[in-house]
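Novice: curious how this folds, go ahead:
(chains A and B)
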Protein chains: 2
Amino acid sequence: MSKQLPVLTTDAAGCCAPLAQMPLPAEHAARLAKAYKALGDPVRLQLLSLIASHPGGEACVCDITAPFELTGPTISHHLKVLREAGLIAGERRGTWVYYRPVREAITELSTLLVVPQATATVS
Amino acid sequence: MSKQLPVLTTDAAGCCAPLAQMPLPAEHAARLAKAYKALGDPVRLQLLSLIASHPGGEACVCDITAPFELTGPTISHHLKVLREAGLIAGERRGTWVYYRPVREAITELSTLLVVPQATATVS
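Specialist: Sure, this is the predicted structure:
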């Protein structure tokens, strides 16, 4: 058993550094895992994509529900999961709610998964 | 109801494009969601980080088990989920299995979450 164990301690400065750069502190792992879990569903991934790629940088619920063969409440549930994970933000204007991606939160998840070519072997 | 709905059809060329660039095709969403779901657990996120940040670009199971207060079988289960999601690859050498990150798969997940500053509003 190696004695040179990676340290999993509190290190606020370590938040958001690519996971290939240094071990991810436990207290950040819980928060980030929740966000990845929100993406761990095909419908939610497509919903986020529809919102993020929509012209104008936001999408009305009326625009993102129709492509799916799902009920309104089911779509609402998935949007709630994305919202609670901090990946989208919604604003009611008149009849409809408009959603936009929360760029900083999504970028944090992207940055964490940057693996420099030198540090990893491709399978 | 808007008539200009985003199209969720088969488009192999659309695979891996940032989700803010174009709607994610359904058949890719299922595969990618499985990978994000594998990251949706704090222990698995830390395990991947320990493996990816380990000197030499790979880590012996003996090096990544000790930091956690978990049983060997539980760690093995989490490693299996990461392996089945294609995020790590393992190789037995003597007594131990050595794991390395699968850079292409992890990079695909990172690229998908790139949100250009111009297309999104920060909450």
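Novice: tell me if I'm right that residue A:87 and residue A:100 touch.
Specialist: No. Counting by Cβ atoms under 8 Å, residue A:87 does not reach residue A:100; the two are 10.4 Å apart. C-beta coordinates here come from the backbone N, C-alpha and C atoms, glycine included.
Novice: and the two? which has more neighbours close in?
Specialist: Of the pair residue A:87 and residue A:100, residue A:87 is the one with more neighbours under other Cβ atoms under 10 Å in any protein chain shown, namely 25 against 21.
Novice: does the lowest-mean-pLDDT helix or strand in chain A reach chain B?
Specialist: Least confident helix or strand, chain A: helix A:61-64 with a mean of 90, by mean pLDDT, DSSP states H and E. Yes. Helix A:61-64 is in contact with chain B by Cβ under 8 Å from any Cβ of the partner chain, via A:62-64.
Novice: how about those in TSV, adding neighbour count?
Specialist: Shown next, in TSV, are these (neighbours: other Cβ atoms under 10 Å in any protein chain shown):
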residue	neighbour count
A:62	14
A:63	22
A:64	23
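Novice: dump those into JSON lines; add distance to residue B:83 as well.
Specialist: Output for the residues of helix A:61-64 next to chain B, formatted as JSON lines (distance: Cβ to Cβ, whole Å):
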{"residue": "A:62", "distance to residue B:83": "42"}
{"residue": "A:63", "distance to residue B:83": "38"}
{"residue": "A:64", "distance to residue B:83": "34"}
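Novice: ok, so of these, who is nearest residue A:95?
Specialist: The nearest member of these to residue A:95, counting by Cβ to Cβ, is residue A:62 at 8.2 Å.
Novice: please state the offset of stretch A:71-86 from the chain centre?
Specialist: Put simply, stretch A:71-86 sits 13 Å off its chain's centre (Cα atoms, centre = their mean, to the nearest Å).
Novice: dump the C-alpha coordinates for it into PDB.
Specialist: Extracted in PDB, the C-alpha atoms of stretch A:71-86 (Å, rounded to 0.1, in the frame of the first residue of the first chain):
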ATOM      1  CA  THR A  71     -46.300  15.700 -20.600                       C
ATOM      2  CA  GLY A  72     -46.000  19.200 -19.400                       C
ATOM      3  CA  PRO A  73     -45.600  18.200 -15.700                       C
ATOM      4  CA  THR A  74     -42.700  15.800 -16.700                       C
ATOM      5  CA  ILE A  75     -41.000  18.600 -18.600                       C
ATOM      6  CA  SER A  76     -41.500  20.900 -15.700                       C
ATOM      7  CA  HIS A  77     -40.000  18.400 -13.300                       C
ATOM      8  CA  HIS A  78     -36.800  18.100 -15.500                       C
ATOM      9  CA  LEU A  79     -36.600  21.900 -15.700                       C
ATOM     10  CA  LYS A  80     -36.900  22.100 -11.900                       C
ATOM     11  CA  VAL A  81     -34.000  19.700 -11.500                       C
ATOM     12  CA  LEU A  82     -31.800  21.800 -13.900                       C
ATOM     13  CA  ARG A  83     -32.900  25.000 -12.100                       C
ATOM     14  CA  GLU A  84     -32.200  23.500  -8.600                       C
ATOM     15  CA  ALA A  85     -28.700  22.400  -9.800                       C
ATOM     16  CA  GLY A  86     -28.100  26.000 -10.800                       C
END
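Novice: neighbouring contacts of that stretch?
Specialist: For stretch A:71-86, the surrounding residues in contact (Cβ atoms under 8 Å, 6 or more residues apart in numbering or on different chains) are A:34-35, A:37-38, A:41, A:43-44, A:47-48, A:61, A:64-65, A:68, A:88-90, A:99, A:102, A:105, B:123.
Novice: now the strands for chain A?
Specialist: Along chain A, counting by DSSP state E, strands occupy A:59-60, A:88-93, A:96-101.
Novice: how about the second one and chain B, touching?
Specialist: It refers to strand A:88-93. Yes. Applying Cβ under 8 Å from any Cβ, one finds strand A:88-93 in contact with chain B at residue A:89.
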